[in-house]
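> Have a look at this fold, sequence not included:
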Ligand SMILES: Nc1nc2c(c(=O)[nH]1)N[C@@H](CN(C=O)c1ccc(C(=O)N[C@@H](CCC(=O)O)C(=O)O)cc1)CN2
Ligand SMILES: NCC(=O)N[C@@H]1O[C@H](COP(=O)([O-])[O-])[C@@H](O)[C@H]1O
């Protein structure tokens, strides 16, 4: 039986992308990186791992639907059945949401519904909360409102700096995300 194929949508440093690639029994094959930021560090990581990259610049398209239709064609030609977002900072629109209903997953650096949106770590740090964490959730039409799949708490210490907190959060992300992906693919296979 051919392996399940997945695409990663990422626009940042790519540490979660790298963690997925290093997970030996991820239960799926990451065959494509989609990135909206030419020059993003994650693109170099894909090239080092010989993973095809599809880069696009939204401002070159008249509408979000136009660029999502082009991405959808690329995904379908590659036989993609799951999409994992990791630092992808674009809102997924109706075109991709409909085509990949229940198959688009995101990782977010807070205990949703606390601190949604961008700069979640800074939000938690600046409120001097005692705890924050990591959430893996399905994507829906809202922002960070999709069904939660898994969460893990990360303590905030009085001596913390935002960099120390970020490092602790990302260490949890790099363990949690691959573990959740593996479980999702195995559960799908059990259906
Ligand atoms: N339909 C959804 N798409 C995305 C979600 C989601 O929950 N539903 N999560 C985001 C990731 N994210 C936080 O986790 C997030 C990303 C981007 C934004 C945002 O306001 N983006 C603006 C500006 C983008 C830019 O110009 O850089 C936008 O795209 O309009 C908020 C939260 C991934 N996608
Ligand atoms: N709102 C979404 C969001 O803030 N996502 C966050 O972007 C970072 C990407 O890092 P990476 O590029 O090193 O994986 C991750 O910490 C992820 O949780």
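Alright, I've got the coordinates. Everything quoted here is computed from the prediction, not taken from an experiment. Ligands and ions are numbered 1, 2, ... in the order given.
> only C-alpha atoms for contact and neighbour calcs from this point on.
Noted.
> Buried residues of the helix of greatest length in the chain, list them for me.
Residue-count comparison of every helix in the chain, with assignments taken from DSSP state H, identifies helix 162-190 as the longest. Applying a neighbour-count criterion of 16 or more other CA atoms under 10 Å, the buried positions in helix 162-190 are 165-166, 169-170, 172-174, 176-182, 184.
> What of stretch 104-118?
Along stretch 104-118, the positions that meet the burial threshold by neighbour count (16+ other CA under 10 Å) are 104-112, 115-116.
> Repeat that for stretch 121-141.
Of the residues in stretch 121-141, 121-125, 132-140 count as buried by neighbour count, 16+ other CA under 10 Å.
> Residues in contact with it: which ones?
For stretch 121-141, the external contacting residues (CA atoms under 8 Å, 6 or more residues apart in numbering) are 92-94, 97, 102-112, 115, 144-157, 162, 165-166, 169, 172-173, 177, 180.
> Among those residues, which lie within strands?
Among these, the members found in strands (DSSP state E) are 104-108, 148-155.
> Kindly reformat those as JSON lines containing pLDDT and distance to residue 53.
Putting those into JSON lines (pLDDT from 0 to 100; distance: CA to CA, whole Å) gives the following:
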{"residue": "104", "pLDDT": "98", "distance to residue 53": "18"}
{"residue": "105", "pLDDT": "98", "distance to residue 53": "19"}
{"residue": "106", "pLDDT": "98", "distance to residue 53": "19"}
{"residue": "107", "pLDDT": "98", "distance to residue 53": "20"}
{"residue": "108", "pLDDT": "98", "distance to residue 53": "23"}
{"residue": "148", "pLDDT": "98", "distance to residue 53": "28"}
{"residue": "149", "pLDDT": "98", "distance to residue 53": "27"}
{"residue": "150", "pLDDT": "98", "distance to residue 53": "28"}
{"residue": "151", "pLDDT": "98", "distance to residue 53": "29"}
{"residue": "152", "pLDDT": "98", "distance to residue 53": "30"}
{"residue": "153", "pLDDT": "98", "distance to residue 53": "33"}
{"residue": "154", "pLDDT": "98", "distance to residue 53": "32"}
{"residue": "155", "pLDDT": "98", "distance to residue 53": "36"}
